[in-house]
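J.: Sequence and computational prediction follow.
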2 protein chains.
Amino acid sequence: MKKITMADVAEQAGVSKSTVSQYLNGRFDYMGKTTRTKIEQAVKDLNYRPNMVARSLKQKTTTTIGVIVANILHVYSTQVIRAIEDLCNEKEFHLIICNADDQPKKEKKYIEMLKAKQVDGIIAFPTGDNIALYKQLLDEGYPIVFMDRIVKELKVDTILLDNEKAAHIAVEELMHKDFEHLAVVSPPLLQQVTPRVERAEAVAKKVEEQGGNIQKLSMISGEINEISKKLHELFQHDDKPDAIFAMNDLTLHEVLSFVKKENMKIPEDVAVISVDDVSFANFYTPPLTTISQPAFEMGRKAAEILFSLILEPDKQHQSEIIRFTPTLNRRESC
Amino acid sequence: MKKITMADVAEQAGVSKSTVSQYLNGRFDYMGKTTRTKIEQAVKDLNYRPNMVARSLKQKTTTTIGVIVANILHVYSTQVIRAIEDLCNEKEFHLIICNADDQPKKEKKYIEMLKAKQVDGIIAFPTGDNIALYKQLLDEGYPIVFMDRIVKELKVDTILLDNEKAAHIAVEELMHKDFEHLAVVSPPLLQQVTPRVERAEAVAKKVEEQGGNIQKLSMISGEINEISKKLHELFQHDDKPDAIFAMNDLTLHEVLSFVKKENMKIPEDVAVISVDDVSFANFYTPPLTTISQPAFEMGRKAAEILFSLILEPDKQHQSEIIRFTPTLNRRESC
DNA sequence: TTGAAAGCGCTAACAA
DNA sequence: TTGTTAGCGCTTTCAA
């Protein structure tokens, strides 16, 4: 089955390729009524569809953007992607998805391939290790927006949560109650991943400066499968924590799992508060107090900025760091 | 900043474009050692990257596949996508993601655009309404694999769960205990979405034929936001259900939410079993008995089939429907 | 062992 | 109002 090209349409309609091109691109200004109908008919008869690859080559734009997330399995990433895709859909753009898995090598490969495929822009959750590469893209004027993580060496528009605020909300929620010993549970801190570091630091600072009844702070961090062991150790001591701040949804899972295994009651034995909303927060026993980030708005904002970069390249643009405000969902776990 | 093309590399290396092309494609068989080094050097000096759009135009292959899911926010879709992406990564392919939102119109638009972009193949969760369009693609020999839903008018490789088995597992798990009245809770059944219909029918049949202690079966279906009201009504009667089978994760959420609101105890007041695993199944109170589908294996299989269609187009291929076996995760909710 | 030239399917400047 | 032509960046035959 031969592919129908513009030449076929032109022949069938008895006009030239360029006229067909005009027609396809909606430039009817000077087009004769009959020509127009003839082409219309030919397109229909042949069931012709333009080849976007050819068009892309000529026009140097692919109406495609790339998104590099850490892992599409994280709820937050999914929501961000969904928001981006919705805007892309409005603008007739398309999305190539890449999972970097927090591996700089993989990220590098994806960036290079996205460039090779001539995508019009990139939204990334940067690992923080491909600075030179991003730098180069930026220098070439390549539209890029970062999400969730700041790469301080680079001047890139970056969308993320007001992590300090999130930490403050958590501490404030706990400090006026009876809780005295707060445990913060976090994914690995060594990687310098912005949200983790910012949240951890903000909690520590806040507790130190005006922690209300909170007398003591413990910090647990590590790979997800180490968390439970570390929690266990921490709770061996006499002055065990009476409140836990879980840094994100995955650590919350570990915390709840631990609490369940140890047969403790929330919030009587230990209070729990966490960042990220989870699907079961409302009907868990007890319903979980969470601090949620507006993932959809954040994703949409990232896409909006990227599109302004792509569609109005000449516009004066000052890259900035945009913080979104977290929301407290007060329920009954603390 | 001018884009570096092959011509630039050729000039810099003092050879012709075709030789550079040979080099890039690893055809060194007849290439002089010095030529090779010169080109290597030039590529490095100019930091040259081939333009895949141009290559795609010439070669009629884009090393890109399209995935049309109902909604990327569903955990199952996410897992399937992740599995597909992993295989794509191995094969150096890339993924364009589309959310059809169960809207045939949107699906149609995406299919057409994916074709226009010349993607090498498509994996779709079909809405079931674009039969003619899919038919046409199939006739053209376009590689397509369906997931989760059967379109009986079409001969397409289709990956889905053994829904009958899943339903049987659920009924068997309940029928030997004391439960007498089973309520099945489902998303809208009118749309003829395969998993829903198959599961609902299989439950009904099984209960009728050998339902053990189960005397009565009630069926609730509707949009997600109507479920809670319908549950409420059902539980008004004297012979209210003592067991619930939730058809998927979203309906399970509604069920748990309802149970919580009504202050009922699981499994004493009402037992619960559901299809799809949920993140909190293990540490919920009580831990939830679920019937999970092997989403990753299913996604991977879909991708494998698609790749064999793409990479070995001449191979004799008989399209088939492949069912994956569900797993019972026996916990304590029934 | 390398190069010249044609062509993939489209767009756009310019000519007619 | 429409057609001619060149060219986007690459691959590939064929010739040298």
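T.: Perfect, I can see it now.
J.: Look up how far chain B lies from residue A:170.
T.: 21 Å (C-beta to the nearest C-beta, to the nearest Å). C-betas here are computed from N, CA, C, even on glycine.
J.: which of the residues in the helix or strand hosting that residue are buried?
T.: Assigned by DSSP states H and E, residue A:170 belongs to helix A:163-175. Applying a neighbour-count criterion of 16 or more other C-beta atoms under 10 Å in any protein chain shown, the buried positions in helix A:163-175 are A:163-171, A:173-175.
J.: next one: stretch A:317-332
T.: A:324, A:326, A:328.
J.: Please give me every residue in contact with the second one.
T.: Yep, that's residue A:326 we're talking about. Contact analysis of residue A:326 by C-beta atoms under 8 Å, 6 or more residues apart in numbering or on different chains lists A:161-162, A:165-166, A:169, A:275, A:291-293.
J.: any idea how far residue A:327 is from residue A:148?
T.: Using C-beta to C-beta, to the nearest Å, residue A:148 is found at 17 Å from residue A:327.
J.: helix/strand/coil for the closest residue to DNA strand C within the stretch 101-250 of chain A?
T.: Closest approach between the stretch 101-250 of chain A and DNA strand C, counting by C-beta to the nearest atom of the strand: residue A:118, at 12.9 Å. Recorded secondary structure, residue A:118: coil (DSSP: H, G, I helix; E, B strand; the rest coil).
J.: Give me the average confidence score over the helix holding residue A:170.
T.: The pLDDT scores in helix A:163-175 average 96.
J.: Next, report how far whichever helix or strand comes after it is displaced from the centre of its chain.
T.: Next in sequence after helix A:163-175, counting helices and strands by DSSP H and E, comes strand A:181-186. Distance of strand A:181-186 from the chain centroid (C-alpha atoms, centre = their mean, to the nearest Å) equals 25 Å.
J.: on contacts alone, who are the packing partners of strand A:181-186?
T.: Judged by 3 or more C-beta pairs under 8 Å, 6 or more residues apart in numbering or on different chains; DSSP states H and E, the packing partners of strand A:181-186 are helix A:194-210, strand A:216-221, helix A:224-234, strand A:243-246, helix A:249-261.
J.: Would you format the ones you listed as TSV with mean pLDDT included?
T.: Formatted as TSV, these follow (pLDDT from 0 to 100):
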stretch	mean pLDDT
helix A:194-210	95
strand A:216-221	95
helix A:224-234	96
strand A:243-246	97
helix A:249-261	96
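J.: Reformat those as CSV; add distance to DNA strand C and mean neighbour count.
T.: Output for the helices and strands packed on strand A:181-186, formatted as CSV (distance: least, C-beta to the nearest atom of the strand, whole Å; neighbours: other C-beta atoms under 10 Å in any protein chain shown):
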stretch, distance to DNA strand C, mean neighbour count
helix A:194-210, 41, 18
strand A:216-221, 53, 17
helix A:224-234, 48, 15
strand A:243-246, 52, 28
helix A:249-261, 45, 21
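J.: Can you lay out the ones you listed as JSON lines showing distance to residue A:102?
T.: As requested, those are arranged in JSON lines below (distance: least, C-beta to C-beta, whole Å):
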{"stretch": "helix A:194-210", "distance to residue A:102": "12"}
{"stretch": "strand A:216-221", "distance to residue A:102": "15"}
{"stretch": "helix A:224-234", "distance to residue A:102": "12"}
{"stretch": "strand A:243-246", "distance to residue A:102": "19"}
{"stretch": "helix A:249-261", "distance to residue A:102": "13"}
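J.: Looking at the ones you listed, spot the one closest to residue B:265.
T.: helix A:249-261 (16.6 Å; C-beta to C-beta).
J.: Could I get the CA-only coordinates of the helix or strand that the closest one is followed by as CSV?
T.: Where DSSP H and E defines the elements, the next helix or strand beyond helix A:249-261 is strand A:271-275. Presented in CSV, the C-alpha positions along strand A:271-275 are these (Å, rounded to 0.1, in the frame of the first residue of the first chain):
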residue,chain,number,x,y,z
ALA,A,271,1.1,11.5,65.5
VAL,A,272,1.7,11.6,61.7
ILE,A,273,1.8,14.4,59.2
SER,A,274,3.2,14.3,55.7
VAL,A,275,3.8,16.1,52.5
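J.: And for the closest residue to residue A:154 other than its chain neighbours, the neighbour number?
T.: The shortest distance from residue A:154 to any non-neighbouring residue, by C-beta to C-beta, 6 or more residues apart in numbering or on different chains, is to residue A:134 (5.7 Å). Neighbours of residue A:134 under the rule other C-beta atoms under 10 Å in any protein chain shown: 24.
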